[in-house]
Every structure is written in structure tokens, then in C-alpha cells.
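J.: Sequence first, then the predicted structure:
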Amino acid sequence: MKKMKLLKVHGSENDFYMLDAKQFEQGLTDQQIKQLAVKICKRNGGLGDGADGLLWIDRASHQGPLGKMRVINADGSEASMCGNGLRSVSRYLAEQNQESAFSVETMEADLPVAKMKDLATGVSTYQVQIAPVSFKAADLKMHVNNESETLVDQQIKELDSDLSFTAVAVPNPHLIAFVDEATINGDQLGELGRYLNNGVNPIFPDGVNVSFVLIQGANQIFVRTFERGVGYTNACGTGMSAASLVSVLLHGDQIANNTDIIVRNPGGMVKTNVHHQDTGADTIDLIGNATFVSTVELDLDDALAGNFAQAKFNETGEQVNYEKFISNLQLN
Ligand SMILES: N[C@@H](CCC[C@H](N)C(=O)O)C(=O)O
């Protein structure tokens, strides 16, 4: 019996199971990590109410960062980055090491993170940097419009005759379109997301996160995302960061560079701050909740087999604070 401890966490209700690999004497293989993600994240028949993904925390591979984050989507695919997840990982490492500003190793970069003033009473809040940014088709693994090198505010005829798309890697791939209120609430996002992710497609053979963006006012946007490896999510941190950057580039009259942007999403809200540089080294700050909903104890072999009958959940009580924060947002 190998008992293990997990945390159920979320950022804007983009929910994850978070696991510290340092608790295992013997590491898990990549195949076991992915199998674990698929089993526990299932919305029906998974662990509790499932999750959008698994956040895997381990020792950093080099000096400097306090730890390393890997993110495995609910379907077992591995992503290079996860903005909402990185905030929870940052909080976990901050509390474990008694530090408030440090860096975390991710697949492509060591990223600076910091504890911030709580967004509301009992809503623990962290800022993480989203980088590196690239608009290059090669980094996006994108084949579009006769092998165009970038896709900025352009149509993709095979996808839609009205929408204009921008593709950006932060470093995971995102496809962004600005839409009106009716479109953001409809299922066109799901239709595009399913076509580009659930099966073979020639444009993004490795899949892509698709976001629709509605500009709501000066430095205010609403973002809804269909995530690669997941489907519709309540929020996608890298999606909201990519959407903020593209808003600054294409709608600079309403959404400003180096300024806090309010980003609402179906699960709540975050703030972003885009640092667009003419040199091309863009970064985005993503600030939002890092809520620990419950602790979970279960046997590793049971989890790998998808047997969750013995899992023990303990609520932290933090979700009540988050829900209060959200209902106050709706009143304002
Ligand atoms: N929810 C995440 C993004 C997770 C990875 C994504 N599904 C991908 O495959 O790129 C976020 O908050 O950024």
C-alpha cells in the first residue's frame, strides 16, 4: 500500500489535482503519471468530481527555482505551460519553503512568481509570469494559409468565413478571435475546439487551445476557452494571458500595454498586465486566486487502477471565501 496525498486546487475554477512527487521514494514513470491523470481527472467515475488536469510538482532539475511544475491534461497529454495551475504550484512552494518571491521551473523556462495581496478575504492570490511568447508558425506547430509564418488578425477559410484569428504560443499554443456577446455564449467555440483537437486536422496537428474574446470596456475583457486535452474550461490562465497580449496589439485604443487588465471568465476573474516590447521579448503577468479546496489521501495503486472507493477528502474551507468573492463581483 503506497499512500499518497493530493490537493484539489483551482484558479478561476480551472481545477486540478496537485501532487508533490517528493512524497514518493521511487519515482513514477511518465506512462504512470499520464495514466494517473486520466484516471483521476475523469468527470464521471474519476476522483471526486474529476479535474481539468494534474499538476505534478518535483525538485527543480538545476539550481535556482524552488521546484518544477509539469501539467498533464485530463486526456493524458502534457502541456508546456499552465497559468492557472502555476499560481497554485507557486502557493504550495511558497508555503513549503517560507518564501514569497522566487522562480518555478516549467517545461520551457524558469518563471518568476510572487505572493500578492489577497483579491478578497481568504482568497489567496499569486502573480506568475507567462513567457516565452512566440508568434512563429514553427513554435505553434501550425500549418495555415499556405504555410504562412505567422497568423495575426487573419481569416482561416477552412474554419470560418467571418472570424479573424491570431495564433500565439505562450509557450503553449493559442488561437484567439474577437467576437460579439451572442457568439461568445454560443457553441461555435466548441465546434472549432472539437475540430482542432478531437481527431486529425491539418492546421494544428498537435491541437490548440481556442479562445473567444469580448472587449467589455477600457482594459476589461471577457475570455472563454476550449482547451486542448480538456474541452470547455471555466478559465484558462495562458488563454487569458494570450488574449490580453493580442488585445493590446490589435485593440490598443481600449486595452493598454503595461496596465492592469481585468479579465473575466466563466469561473471568476483575474488581472493581467502585458509587457509588449518592440524587441519581441513579450511577457505577461497573470494575477489571480490560488484556492486549495481539499486535501485527498488515497492509495497510489488504487488510483492507477481507477478505484477511488477508499479516497479520503478533507475540505479546507477556502471555497466558501472564493464563492463570496465571486458573488460580490457579480453584484458590482
Ligand atoms: N488550464 C491551463 C492550460 C493547460 C494546458 C492546455 N490545455 C494545453 O494543452 O496547452 C492554463 O491555465 O493555462
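T.: Cool, the structure landed.
J.: Residue 6 touches residue 294, doesn't it?
T.: No. Under the contact definition of C-beta atoms under 8 Å, residue 6 does not touch residue 294, with a separation of 9.1 Å. (Glycine included, C-beta is placed from N, CA and C.)
J.: So between those two, which is more surrounded?
T.: Set residue 6 next to residue 294 and count neighbours by other C-beta atoms under 10 Å: residue 6 wins out with 26 against 17.
J.: For the more buried one, give the beta-bridge partners.
T.: Here residue 6 shows beta-bridge partners residue 19, residue 296, assigned using DSSP bridges.
J.: Could you check how far it is from residue 82?
T.: 16 Å (C-beta to C-beta, to the nearest Å).
J.: Could you do residue 228 as well?
T.: 11 Å.
J.: and for those two, which residues touch both?
T.: Common contacts of residue 228 and residue 82, defined by C-beta atoms under 8 Å, 6 or more residues apart in numbering, comprise residue 172.
J.: Spell out which parts of the chain neighbour the ligand.
T.: When proximity is defined by C-beta under 6 Å from any ligand atom, the chain lies next to the ligand at 14, 71, 73, 79, 82-85, 172, 209, 227-230, 233, 236-238.
J.: Let's see which of those end up in strands.
T.: Members of the residues of the chain next to the ligand lying in strands (criterion: DSSP state E): 14, 71, 73, 79, 209, 227, 233.
J.: Neighbour-wise, which one of those leads?
T.: Neighbour max across these (other C-beta under 10 Å) = residue 14, 31 neighbours.
J.: all helices for this protein, in order.
T.: For the chain, the helices defined by DSSP state H cover 30-41, 83-97, 137-140, 181-185, 188-197, 237-250, 300-305, 318-331.
J.: For those, give me JSON lines that also has distance to residue 22.
T.: Shown next, in JSON lines, are those (distance: least, C-beta to C-beta, whole Å):
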{"stretch": "helix 30-41", "distance to residue 22": "14"}
{"stretch": "helix 83-97", "distance to residue 22": "9"}
{"stretch": "helix 137-140", "distance to residue 22": "32"}
{"stretch": "helix 181-185", "distance to residue 22": "41"}
{"stretch": "helix 188-197", "distance to residue 22": "33"}
{"stretch": "helix 237-250", "distance to residue 22": "24"}
{"stretch": "helix 300-305", "distance to residue 22": "14"}
{"stretch": "helix 318-331", "distance to residue 22": "23"}
